[in-house]
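> Here is a sequence with its predicted model. Questions after.
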Amino acid sequence: MAHAVRFHETGGPDVLKWEEAAVGDPGPGEVRIRHEAVGLNFADTYFRSGLYPVRLPDGIGVEAAGVVDAVGEGVTDVAEGDRVTYTGSPLGAYSTERVMPASHLIRLPPGISCETAAAMTMRGLTAAYLLRRIHPLKSGDTVLLHAAAGGVGLIVSQWAASLGIRVIGTVSSEEKAGIARAHGCEHVIRYRHENVADRVRELTGGDGVPVVFDSVGKDTFAGSLASLARRGLLVCFGTASGPVPPIDAMQLALQGSVFVTRPALADYIADPAERAALAGELFEHVASGRIRIEINQRYALQDAQQAHRDLEAGRTTGSSVFVL
């Protein structure tokens, strides 16, 4: 019998329930996937807590990898037996198997395991659009990256280093500082002990950075703005500490005519051709070894509550996956 993690009310990790799930045959345009690994992402906590609206009861999780074991009518891009990965709606990745639209799937090349794919599809595609689509970064540029020892952070740092981009990373502890340095951060700021904006100015000769990548949100927003160079760009792509405060347009002018954007991965992979291009570039970097995917936490799917507690308490580094 198939199983899935579901929630019937929003709240803390305790609302997550391990339940039997009926999985039928795929309909037109659909496939049935047998999962081998499922990704754990901070965004999952937003759905569970109610920050992102859902219609209850619902499944949870947006990223997984596995094997196609049945295809519905009209499906031509994937076949039974193909290894695939995906990220995005509909919710329900925390499951042993599921039926979903075939159009969401990305076929895996031989050199990428399902476990690696589940650990990097969302994070890797996020890193891909941050570095390759959102701003014309070039070799020699310097960026500020918050949560540099996290799953996205480790991929961004390695990818940026391969492009000749200097990364100033922020972390909470000396342990995480070492991890960030080992993955390409040229400078690391321990934000509990140093003023981030002041340190960024020191490291950039007073200029600030052209781009700040901020997945933390509320707690880092002011410091991120203060770290920008004139006409710099603040990319708010996550809200781990809570939503960013309302933006005062005049404050943007006073900070040096800076820009703020709140992008969503879905808008950078909605076009199949662009998604394939970003995924292809990501897979090539990982297969070549230029980007190492660090899976530092593994959980059974039944232990979703504990996984969410660890994630929200900041006890994780790199990527986390559920293994089946």
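Noted; the coordinates are in hand. Numbers count the residues shown, from 1 in each chain.

> pLDDT value on residue 151, please?
Among the per-residue scores, residue 151 shows a pLDDT of 89.

> Residue 242 too?
With respect to pLDDT, residue 242 has a value of 87.

> how near is it to residue 251?
19 Å (CB to CB, to the nearest Å). The C-beta positions use only the backbone N, C-alpha and C, and glycine is treated the same way.

> ok, now residue 173?
Distance from residue 173 to residue 251, by CB to CB: 31 Å.

> quick check: domain ranges of this structure?
2-122+293-323, 135-262 (automatic domain parsing).

> what pLDDT, on average, does the longest one get?
Mean per-residue pLDDT for domain 2-122+293-323: 96.

> tell me how far that domain is from the chain's mean position?
Chain-centre distance of domain 2-122+293-323: 13 Å, with CA atoms, centre = their mean, to the nearest Å.

> Start and end of that domain, how far apart?
For domain 2-122+293-323, the first-to-last residue distance is 15 Å (CA to CA, to the nearest Å).

> same check, this time on the shortest one
Between the opening and closing residues of domain 135-262 there is a gap of 13 Å (CA to CA).

> and residue 222, what does it touch?
Neighbour list for residue 222: empty [criterion: CB atoms under 8 Å, 6 or more residues apart in numbering].

> Confirm it sits in a helix?
Yes. Secondary structure assignment places residue 222 in a helix (DSSP: H, G, I helix; E, B strand; the rest coil).

> any idea how far it lies from residue 228?
As for residue 222, its distance to residue 228 is 11 Å (criterion: CB to CB).

> cool, residue 90 as well?
Residue 90 is 37 Å from residue 228, by CB to CB.

> who has more neighbours, these two?
residue 228 (26 against 12; other CB atoms under 10 Å).

> hey, which strand is longest across the chain?
Longest among the strand segments of the chain by residue count, using DSSP state E, is strand 30-40.

> Can you name the next helix or strand after it?
Going down the chain from strand 30-40, the next helix or strand is helix 42-49, by DSSP states H and E.

> After that next one, which helix or strand is next?
Next along from helix 42-49, by DSSP H and E: strand 58-59.

> Note down every partner strand of the helix or strand following that next one and its orientation.
Next helix or strand after strand 58-59 toward the C-terminus (DSSP H and E): strand 63-71. According to DSSP bridges, strand 63-71 forms sheet pairs with strand 30-40 (antiparallel), strand 83-87 (antiparallel).

> which residues of the stretch 151-300 of the chain fall in strands?
All strands of the stretch 151-300 of the chain, identified by DSSP state E, counting those that start in this stretch, fall at 166-171, 187-190, 209-214, 228-236, 259-261, 295-299.

> Which residue is the nearest non-sequential neighbour of residue 310?
Distances taken as CB to CB, 6 or more residues apart in numbering put residue 316 closest to residue 310, at 5.5 Å, once the chain neighbours are dropped.

> how many other residues sit next to the one you found?
Neighbour count for residue 316, taken as other CB under 10 Å: 18.

> So it versus residue 240, what's the distance?
For residue 316 relative to residue 240 (CB to CB), the value is 11 Å.
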